[in-house]
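[1] With the sequence up front, the predicted model follows.
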Number of protein chains: 12
Amino acid sequence: MKILFLNGPNLNLLGTRQPEIYGRDTLATIEAAVQVRAKALGVTVEFRQTNHEGQLVEWIHEARGAFQVIALNAAAYTHTSIALRDAISAVGLPVIELHLSNIHAREPFRHVSMIAPVCRGQISGFGAFSYILALEAAVNVHQPA
Amino acid sequence: MKILFLNGPNLNLLGTRQPEIYGRDTLATIEAAVQVRAKALGVTVEFRQTNHEGQLVEWIHEARGAFQVIALNAAAYTHTSIALRDAISAVGLPVIELHLSNIHAREPFRHVSMIAPVCRGQISGFGAFSYILALEAAVNVHQPA
Amino acid sequence: MKILFLNGPNLNLLGTRQPEIYGRDTLATIEAAVQVRAKALGVTVEFRQTNHEGQLVEWIHEARGAFQVIALNAAAYTHTSIALRDAISAVGLPVIELHLSNIHAREPFRHVSMIAPVCRGQISGFGAFSYILALEAAVNVHQPA
Amino acid sequence: MKILFLNGPNLNLLGTRQPEIYGRDTLATIEAAVQVRAKALGVTVEFRQTNHEGQLVEWIHEARGAFQVIALNAAAYTHTSIALRDAISAVGLPVIELHLSNIHAREPFRHVSMIAPVCRGQISGFGAFSYILALEAAVNVHQPA
Amino acid sequence: MKILFLNGPNLNLLGTRQPEIYGRDTLATIEAAVQVRAKALGVTVEFRQTNHEGQLVEWIHEARGAFQVIALNAAAYTHTSIALRDAISAVGLPVIELHLSNIHAREPFRHVSMIAPVCRGQISGFGAFSYILALEAAVNVHQPA
Amino acid sequence: MKILFLNGPNLNLLGTRQPEIYGRDTLATIEAAVQVRAKALGVTVEFRQTNHEGQLVEWIHEARGAFQVIALNAAAYTHTSIALRDAISAVGLPVIELHLSNIHAREPFRHVSMIAPVCRGQISGFGAFSYILALEAAVNVHQPA
Amino acid sequence: MKILFLNGPNLNLLGTRQPEIYGRDTLATIEAAVQVRAKALGVTVEFRQTNHEGQLVEWIHEARGAFQVIALNAAAYTHTSIALRDAISAVGLPVIELHLSNIHAREPFRHVSMIAPVCRGQISGFGAFSYILALEAAVNVHQPA
Amino acid sequence: MKILFLNGPNLNLLGTRQPEIYGRDTLATIEAAVQVRAKALGVTVEFRQTNHEGQLVEWIHEARGAFQVIALNAAAYTHTSIALRDAISAVGLPVIELHLSNIHAREPFRHVSMIAPVCRGQISGFGAFSYILALEAAVNVHQPA
Amino acid sequence: MKILFLNGPNLNLLGTRQPEIYGRDTLATIEAAVQVRAKALGVTVEFRQTNHEGQLVEWIHEARGAFQVIALNAAAYTHTSIALRDAISAVGLPVIELHLSNIHAREPFRHVSMIAPVCRGQISGFGAFSYILALEAAVNVHQPA
Amino acid sequence: MKILFLNGPNLNLLGTRQPEIYGRDTLATIEAAVQVRAKALGVTVEFRQTNHEGQLVEWIHEARGAFQVIALNAAAYTHTSIALRDAISAVGLPVIELHLSNIHAREPFRHVSMIAPVCRGQISGFGAFSYILALEAAVNVHQPA
Amino acid sequence: MKILFLNGPNLNLLGTRQPEIYGRDTLATIEAAVQVRAKALGVTVEFRQTNHEGQLVEWIHEARGAFQVIALNAAAYTHTSIALRDAISAVGLPVIELHLSNIHAREPFRHVSMIAPVCRGQISGFGAFSYILALEAAVNVHQPA
Amino acid sequence: MKILFLNGPNLNLLGTRQPEIYGRDTLATIEAAVQVRAKALGVTVEFRQTNHEGQLVEWIHEARGAFQVIALNAAAYTHTSIALRDAISAVGLPVIELHLSNIHAREPFRHVSMIAPVCRGQISGFGAFSYILALEAAVNVHQPA
């Protein structure tokens, strides 16, 4: 089983960007922790990051046939991108929506997720641990216990 | 470490109520699965359910001193109860907000959570597995890995 | 055939409360009139009243298996209670929504019914006679002429 | 006692139009059932149907002096016609608002009734039986039991 | 110079309809008063009334070439009719919008006039005298003093 | 009979200010025309202009006992001044609201009049002639023909 | 194959009405062009125009059994008529919504089409050529290439 | 003269709950201070607290005949409870609405009071001293100086 | 200790203006009652009234150094004046917002207070007695018991 | 004459993506059909697709001087992209807006087109045939028949 | 060339008022800096401040003929004054809108400027330096480089 | 000191695009003028333009350590890009928001700036001169005079 972790805009700055909101882990640190847990769970994980909406769309397209589940931290594009939403609907894979910060506790424009209605579920607010939870959710979505 | 799982209105009907939305597990089945995982994690878990908003408020009050984290599926009261929100603020314990269905993919009035701004994070849409994820999140919130 | 009439908050004051809006009949008088008509129609009717949202939720739960139709005057909770709405969806019984006053002719916040989308129909504005109409509607819903 | 039943746009297609929403009875069938019950109740009933807003307005005008109560299924004009509302206010007769489908359970633009604030009450969602309930309500409005 | 006075729905009931809002003058009485003043001003006036939106549209069409100014009391259609608005734009004649009651002091839905943006001006709230003012305005619009 | 014409902010620039909207007449020219017509009608008229909201409020106060009707062109304060509205309610004199331009055909924020609900009627869009119409309306309000 | 072209309010003035918006073709000219193309495509076309909402409703009713597709320029009624929407739903024929001007580039109230959700598609903004496109779309809807 | 002080959800935690917002006084301390002042004023005061909306409704019912004025700190239910509003209307006693914090200076959802329109007045923002002011207001409402 | 009572527009008419809303006391009567109570409390009180927003702003400025607390009945300016709000923020003195009528029970535009977020608390709806309560609140704010 | 067909995000998946909404034709199939018709009409057509908003902007820029008309299926960017709107305004070429599905019959966020106000017209809802209609519209816009 | 700097309510307190928002410079200090720069640029500058909306209106009127450009810090009146907007339109001089703080980063009610649509441009958020920038902008507007 | 000028979508067309709104200067001309003034001020300036949101995000990232201030004309992305907003927050550099046209005087969707709350200040409406003002503001922000 293969899971694709996609990361959206500004997440390349993780660890150095507003640590009081996003924590001090870098994306590399998080990926390392996810890989450790993935190994334990016997699944394969791939991590990618981009600041381009179009690139996220294309990576979702490419996931068809190559991955069984997508874990998606779309960051800022969560709230505005219909293109991402359509891409998710188009490929038909289960998608786990994840966020480092609790988007429902921040500015009102972050309370709305354009992609939530086409995702399986949402995990929001647990910092780097949101990725571990998303990994477990992905495995469970694919093979319910 | 002790975690209090609180369940709000209509969750006593779980398993028999709209299984296409909420799944076929009963609350007892879910609790059993949570207890198994809790044991493995070395934590103590207590489950309660009520249909009364005031009872939920009082159980949150009682958690002070007796529990370290609350996992709260407030169900319908999620979207309307300022009393729950105030109770959470008042006791100061970390609260994990959880939902069986993906509330962001349902009717608009379920997209708004009155309690989210005072909770640590939200897990929504993974059916019974949302409880397992909430358990893991609760442990992590208390003792970050 | 058994029909459960549920009455929400403040309806215990009926007859003494704002008679220019709600009329001069008490809930007991109304129940008596409903029982007379029910007898004539050959159906059994039970009347309950509570000021607690959670109690209404639980009475709806209990109706499963014991009653064929619910006639519900949720009063103030009509406009705010998602818990009632979820309870109605959960038990799957036909529910007749009824109101003494014409809620669509009063303050704007009374124009919205949170429960209407999960009820069979609505009867609003005929005073005590709304109960008689609800009784007839209940019988017809169960056994269409 | 004479009651005027007015039917608005598209109701001439009843029985053939979206039976999953409006049922399989034609307007003629419904009228027949209403006439039977009216006879039993000792009242006279007249049925009319039009697709023209202006015609509905004029029939409401004509009812003054000729009828004691109007039962009005304004259909689509329910939600947009201030002219109907003004006509009802102008003639001063009690008007029973009725709908085949439960308008509060359909699209949002059907939740608003422009005429409700000037009608006695509303009956909505009982299919053809809504007409029977409206007949009984009309009789009761004229001669409260 | 010829002026066409058009009157919309329910104005045929004037004098008998809610006199506390619309006054006790009938449309005939008002027309008589307008004719007297028109004679004094040396202009010709024609009065028409209809309850049909489509008829109002067509009378506006016919006014081209036959009248120099239209005085329009569109009544209920004022607030909803885009067809009237388009008709006014289409014929290009100056139109004086008039109302018996002060529409800005009544229900919110009467505060909006769909036709005002294509009319010369609005006179609202002076009862039957609104017609006399509209007549004077019409003459002045055609031949500014 | 004495009528007080009150003019609000920027009306002192009339004739030189945006003549395509407000016309080329100065306030003095308009007053002269009004005085001529007032003489013909046998009434006394007084004209005042100020750019200060507080001054308008005080002139309305002073009108009690000294004038029978106020004709008020509140200009920009029409849309924002609750103080003017309260002043009109407080003194109890009939007030004729008048506007040079058709406020309902301009920017949306000019469509709302805060004072309309406490005025007798509104005349809007006839340029300088709005003042003549307001004069006639004032006389008619005081002594209905 | 027979196609019914229905034209709503004010379209009888076409060619003389605001040519900068609607073009200089009359409805007769447009019909002639449509008939030419229809002949080439081997289909029969009938053109009707009315200013009455109720008439449009009835022509839609009559189309059942007599026509295979309706091409509908509902003009002003596009934005307000629930009666038209219900008529389209009731008869179940495919309807092509067409507009001369680009309604999405005009006033906000023209951006909303009450009938679009029950039509097959919309063609808007190509002047008289919108009718030719609607004809081709109608043929294609009936017999997809 | 007897005054009933009713306290809503979470007020049992007063003194320990967010003291920067609600102050350090417990409900017992506040009651003691109120009793002292009540004695000085020669009136009797009774204090109650509950976290249940239904209980508040019932205490308001019971106040009829037993108390002359109610001082109500409905806390979170202030902003959502139509049931409380209806209870207040039903019993007809004067009710003084009171709040510890200045609700108009907090989150927008606390700016709206569902009960204010049926209360005599509101005192908001003076901490424990709000109770003393409410006591004085209650005495004055009953026996204006 | 010195307290400045500021009164906004139309309050000079108090006692003669809409007594059913504002009561029959004049501002002078109220001031006299306040002076009596102030003497008893050992504090100095100064009363001012103006109809000019700018004057209120300047009196608030002048209060710095001369008064310890301001009691402000801003009347109509309560709902629209950002200038008053900024003045209060600028001088940094505690301000008690007071109203004769219960603004939350009147028209919706009176429910919003632009100044509340920068005031200590609000007293609303007790007629002339609101001033006495504001006086006590002012003393308590300065020297908490 | 040369026409540029631009296709936005996710259209590369056409034929495999949600065929119940978008049909079973691939973009290549559609282009082939358009090329056939273009040949028949004697015009040259070029097809491009991208998932990047910035690329669409740049292709619109490049069209100046190279193409006479653009046919644009902006897909998801239709509803959010001000950049596309500005690009269209900037190059000044006529643009035909086209959609496979009837966007006015889908989710509300698809009802708004940010680009419509700067396009000539819109064709929406005819599946692959929308492209043929757009081609004909493009030819007609360039050389009106 | 002469430039008039107008300053609105509360700006007389500058330097002492909320320095964390508005800085520590007084209006006199700012004027001095502006005069220095004006001298260097060879232009004449005049500074005025008032707390009265009406006075600002009149100073704008007086600027005609006496100044070539106005630099306006309308402070709180920026967001509410239609009178200022009308004054700017009336005199036809170019106006530079300036703000000390970044109004778009503060409370929502400060994001809207009623005067922006009739000003040349806006400078917001640079503290005292906003005045220097406004001076340069004013010179450039008058004599573009 | 180094300042980075970033230019968003469609600004590469400057000078040829709608000169009545954006002026006739090209971006190269503007850069030249900025370089001249920068030299005079002793600072280094770099100019970049892109039509890709993701590229803007990345250039903002790269500015950390390399530039002291960013001057950002985000053009269309100003109003929709949360990604830009997050990038600005992440890098922590002061950003000057600039616009050629007065965005507050154009379409409503241009009145909202998603980036303003995280920028130092905004300069809007002075055409090419906005860049000179932004340069001066940038220098001042870095080294306040």
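    Perfect, I can see it now.
[2] Hmm, residue A:121 and residue A:96 touching each other?
    Yes - counting by C-beta atoms under 8 Å, residue A:96 touches residue A:121, with 6.3 Å between them. (Glycine included, C-beta is placed from N, CA and C.)
[3] what touches both of these two?
    When contacts are counted by C-beta atoms under 8 Å, 6 or more residues apart in numbering or on different chains, residue A:96 and residue A:121 have A:137, A:141 as shared neighbours.
[4] per-residue confidence at the residue of chain A found nearest chain E?
    Going by C-beta to the nearest C-beta, chain E is nearest to residue A:108 of chain A, at 26.4 Å. pLDDT recorded at residue A:108 is 95.
[5] before we move on, what about residue A:100?
    Model confidence at residue A:100, given as pLDDT, is 96.
[6] and the gap between it and residue B:144?
    Going from residue A:100 to residue B:144 by C-beta to C-beta, to the nearest Å gives 14 Å.
[7] so who does the residue nearest the centre of chain A touch?
    Taking C-alpha atoms, centre = their mean, the centroid of chain A lies closest to residue A:72, which sits 2.2 Å from it. Listed by C-beta under 8 Å, 6+ apart, the contact set of residue A:72 reads A:5, A:6, A:8, A:60, A:84, A:88, A:95, A:96, A:97, A:98, A:115, A:119.
[8] Surely the fifth one and residue A:54 touch.
    This means residue A:84. No - with contacts counted by C-beta under 8 Å, residue A:84 stays clear of residue A:54, the gap being 10.1 Å.
[9] Who has more neighbours out of the two?
    Between residue A:84 and residue A:54, residue A:84 has the larger neighbour count (other C-beta atoms under 10 Å in any protein chain shown), namely 26 against 23.
[10] contact partners of the host helix or strand of that one?
    Element membership of residue A:84 [criterion: DSSP states H and E] is helix A:82-91. With contact meaning C-beta under 8 Å, 6+ apart, helix A:82-91 is reached by A:53-54, A:56-57, A:60-61, A:63-64, A:70, A:72, A:74, A:77-78, A:95, A:114-115, A:117-119, J:8-10, J:13, J:16-18, J:51, J:75-77, J:79-80, J:109-110.
[11] In helices only, show me these.
    A:53, A:54, A:56, A:57, A:60, A:61, A:63 (DSSP state H).
[12] what does chain A put close to chain F?
    Within reach of chain F by C-beta under 8 Å from any C-beta of the partner chain, chain A has no residues at all.
[13] Find the closest residue to chain I in chain A.
    For chain A, C-beta to the nearest C-beta, closest residue to chain I: residue A:108, 17.8 Å.
[14] Just give the nearest non-adjacent residue to the residue nearest to the centre of chain A, would you?
    Nearest residue to residue A:72 in three dimensions, chain neighbours excluded: residue A:6, at 5.0 Å (C-beta to C-beta, 6 or more residues apart in numbering or on different chains).
[15] Would you agree residue A:1 is in contact with residue A:46?
    No - assessed by C-beta under 8 Å, residue A:1 is found out of contact with residue A:46, at 12.0 Å.
[16] re earlier: distance from the helix holding residue A:84 to the middle of the chain?
    Centre-to-centre, helix A:82-91 and its host chain are 14 Å apart (C-alpha atoms, centre = their mean, to the nearest Å).
[17] Check stretch A:64-76 too.
    Put simply, stretch A:64-76 sits 7 Å off its chain's centre (C-alpha atoms, centre = their mean).
[18] now swap in stretch A:97-112 and tell me
    A distance of 13 Å separates the centroid of the chain from that of stretch A:97-112, by C-alpha atoms, centre = their mean.
[19] Stretch A:116-124 now?
    Relative to its parent chain, stretch A:116-124 has a centroid offset of 10 Å by C-alpha atoms, centre = their mean.
[20] contacts for that stretch?
    A:72, A:85, A:88-89, A:94-99, A:101-104, A:113, A:130, A:133-134, A:137, A:141, B:102, B:104-105, B:121-126, B:130, B:133.
[21] Keep only those of those that are in strands.
    Counted as lying in strands by DSSP state E, out of the contacts of stretch A:116-124, are A:72, A:95, A:96, A:97, A:98, A:99, B:121, B:122, B:123, B:124.
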